[in-house]
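Participant: Fold the following and give me the result.
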Amino acid sequence: SQIYGFAYQALKRRMAAIGIEIPPPEELMPGRVDFGGLAERRVLAEEAIADFAPDIVHDHTVSGPSFASARRCPTVLTVQTSKRCVDHHGDRSTRRLRQSPEDRDGEQLTLASRGIPPAPPPAPDLVISANPLTETWRNIGFARQNRTVFLSILGISWFWLYGALFLAQIPAFGKNVLGGSEAVVTLLLAVFTVGIGAGSLLCERLSARHVELGLVPFGSIGLTLFGLDFALAAMALPPVSEVHGISVLLGQAGIWRILADLLLLGLFGGFFIVPLYALVQLRSEPEHRARIIANNNILNAFFMVIGAGAAAPMLGAGLSIPMLFAIAAVCNACVAIYIYGLVPEFLLRFIAWMLINTFYRLKKRGVEHIPLEGAALVVCNHVSFVDPVILMAVSPRPIRFVMDHRIFRTPVISFIFRHTRAIPIAPAKEDAAM
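Facilitator: Have a look, this model is predicted:
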């Protein structure tokens, strides 16, 4: 049989089941094996088994350490023993050692751990500087090597600033603006949290299991509109005269509008943040990915501190909380326009995603053959002028299209072709250079 979890306590339970009492480990092997830590050396493990039960183990081989479980004991080894065990009277029997529920759980955890895919270190020769400032600046440099990744990190950091500003003011908002008790504040936080979770789940469904950047502008539009409506709804409420419970406040029509705005803020926040996180991981170099994510966390915290530092003097100067929310929503629109101007891919994917999902129902086959990086040539059977938009919407990465120079210069939509970096071509008799 296979016995997992061969640390002292597990062994003690097993021996007690067949009538054998073993002394404490320090009396058996003083200074040899510390059973409060990891005993990962094969020789020590074999000696421990032999010292613990010399008459029980007929034949054993130690193939561990295979798995470290923090649930039951620090050291878990995989031990092969013979099927011959000792009964209560010391005679050899073919019965297996009885297992407790905890032992069976340990076996299941060990077997499940074998399904974990290997994760070799992408940069085994990495040397980290002991100076946190220089190391942080170097990690920022890795992120800046890819413009789209770095701007995505800035977008994520802005979301944390925007969201933290709302969350930090929710307690004061619930008490001073809504006139609610602590239960009302809890309700507001719960509604916002449910919105974030629902938005994240819907994002996976709407993106059809690939990174859909078109949802990012969609999310930023919702964050702006519902942030503004949240502020306007709060401004329309009557002044607070006394503290009310949840049941009293829910009887007011204006509260339902505020709860709906807060739920939709979280919902569109999920649309905004999930594709950006996925994009950062997808387009980062494997050997730099972990450090780029660490840099993202540093910038997130930095932006949240900036948000708190900007809100404090404005509130101290007499600005109301609803007006602060309105200013944040306007700033969100400005930041979104700025980022989409620098990275048109977000906006173009949004336009393509909206058009295609509004007017068509697509069946996609073979999209997985488009590589995530490197050169690729897509050759299509061109049947309509909608083809480029469809390809743009379903491809997991940007596509540069080759098109007739006359179409490329079409008024109004020519800016889309320029920002998608389309390649105009012409017959030699019309433009030999092109």
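Participant: Can you give me the end-to-end span of stretch 402-411?
Facilitator: 18 Å (Cα to Cα, to the nearest Å).
Participant: Show me which residues of that stretch are buried.
Facilitator: 403, 408 (16 or more other Cβ atoms under 10 Å). All C-beta spots, glycine's among them, are computed from the backbone N, C-alpha and C.
Participant: what residues are up against Val367?
Facilitator: By Cβ atoms under 8 Å, 6 or more residues apart in numbering, the residues touching Val367 are 210, 394-396.
Participant: Adding neighbour count, write those out as a markdown table.
Facilitator: Formatted as a markdown table, the contacts of Val367 follow (neighbours: other Cβ atoms under 10 Å):
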| residue | neighbour count |
| --- | --- |
| His210 | 19 |
| Val394 | 18 |
| Ser395 | 17 |
| Pro396 | 17 |
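Participant: got a pLDDT number for the residue nearest in space to the middle of the chain?
Facilitator: Nearest to the mean C-alpha position of the chain, counting by Cα atoms, centre = their mean, stands Tyr277 at 6.5 Å. What the model reports for Tyr277 is a pLDDT of 90.
Participant: any idea which element it lies in?
Facilitator: If you go by DSSP states H and E, Tyr277 is part of helix 253-283.
Participant: buried residues in that helix?
Facilitator: 255, 257-280, 282-283.
Participant: That one - contacts with which helices or strands?
Facilitator: helix 147-172, helix 182-206, helix 215-235, helix 289-316 (3 or more Cβ pairs under 8 Å, 6 or more residues apart in numbering; DSSP states H and E).
Participant: and stretch 322-333, which residues are buried?
Facilitator: Buried, per 16+ other Cβ under 10 Å, within stretch 322-333: 322, 324-329, 331-333.
Participant: Dump those residues into a markdown table; add pLDDT, secondary structure and distance to Phe417 as well.
Facilitator: Putting the buried residues of stretch 322-333 into a markdown table (pLDDT from 0 to 100; DSSP: H, G, I helix; E, B strand; the rest coil; distance: Cβ to Cβ, whole Å) gives the following:
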| residue | pLDDT | secondary structure | distance to Phe417 |
| --- | --- | --- | --- |
| Pro322 | 91 | helix | 43 |
| Leu324 | 93 | helix | 41 |
| Phe325 | 93 | helix | 39 |
| Ala326 | 93 | helix | 37 |
| Ile327 | 94 | helix | 37 |
| Ala328 | 93 | helix | 35 |
| Ala329 | 93 | helix | 33 |
| Cys331 | 93 | helix | 31 |
| Asn332 | 92 | helix | 29 |
| Ala333 | 91 | helix | 26 |
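Participant: Reformat the residues you listed as CSV; add distance to Ala143.
Facilitator: Listed next are those as CSV, based on distance: Cβ to Cβ, whole Å:
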residue, distance to Ala143
Pro322, 36
Leu324, 30
Phe325, 30
Ala326, 32
Ile327, 29
Ala328, 25
Ala329, 28
Cys331, 23
Asn332, 22
Ala333, 25
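Participant: The closest residue to Phe408 other than its chain neighbours in helix, strand or coil?
Facilitator: For Phe408, ignoring the flanking residues on the chain, the nearest one in space by Cβ to Cβ, 6 or more residues apart in numbering is Pro424 at 3.9 Å. Recorded secondary structure, Pro424: strand (DSSP: H, G, I helix; E, B strand; the rest coil).
Participant: got a list of what Pro424 touches?
Facilitator: 403-405, 408-409, 417, 434.
Participant: how close does it get to Gly199?
Facilitator: 39 Å (Cβ to Cβ, to the nearest Å).
Participant: How much space separates the nearest residue to Val240 once chain neighbours are set aside from Pro322?
Facilitator: The shortest distance from Val240 to any non-neighbouring residue, by Cβ to Cβ, 6+ apart, is to Gly179 (3.6 Å). Between Gly179 and Pro322 the distance is 14 Å, computed by Cβ to Cβ.
Participant: Turn the helices and strands packed on helix 253-283 into TSV, including mean pLDDT, distance to Pro118 and mean neighbour count.
Facilitator: As requested, the helices and strands packed on helix 253-283 are exported to TSV (pLDDT from 0 to 100; distance: least, Cβ to Cβ, whole Å; neighbours: other Cβ atoms under 10 Å):
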stretch	mean pLDDT	distance to Pro118	mean neighbour count
helix 147-172	89	26	20
helix 182-206	88	26	17
helix 215-235	90	32	22
helix 289-316	90	16	16
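Participant: Looking at the ones you listed, which is nearest to Leu348?
Facilitator: helix 215-235 (9.5 Å; Cβ to Cβ).
Participant: Following the chain onward from the closest one, which element is next?
Facilitator: Immediately after helix 215-235, counting by DSSP H and E, sits helix 246-249.
Participant: Need the CA coordinates for that next one. CSV is fine.
Facilitator: Taking C-alpha atoms only, helix 246-249 is exported to CSV below (Å, rounded to 0.1, in the frame of the first residue of the first chain):
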residue,chain,number,x,y,z
ILE,A,246,-32.0,49.8,6.0
SER,A,247,-35.8,49.2,5.9
VAL,A,248,-36.6,52.9,6.2
LEU,A,249,-34.0,54.0,3.5
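Participant: Quick check: mean pLDDT of that helix?
Facilitator: Rounded mean pLDDT across helix 246-249 is 81.
Participant: neighbouring contacts of it?
Facilitator: By Cβ under 8 Å, 6+ apart, helix 246-249 touches 178-181, 183-184, 187, 255.
Participant: Nearest to Val240 among those?
Facilitator: Distances from Val240 to the contacts of helix 246-249, taken by Cβ to Cβ, are shortest for Gly179, at 3.6 Å.
Participant: Could you pull up the contacting residues of the closest one?
Facilitator: By Cβ under 8 Å, 6+ apart, the neighbours of Gly179 are 240-244, 249.
Participant: got it, and Ala336?
Facilitator: Ala336 neighbours (Cβ under 8 Å, 6+ apart): 217, 220-221, 224.
Participant: From the contacts of helix 246-249, pick the one nearest Trp137.
Facilitator: Leu187 (43.1 Å).
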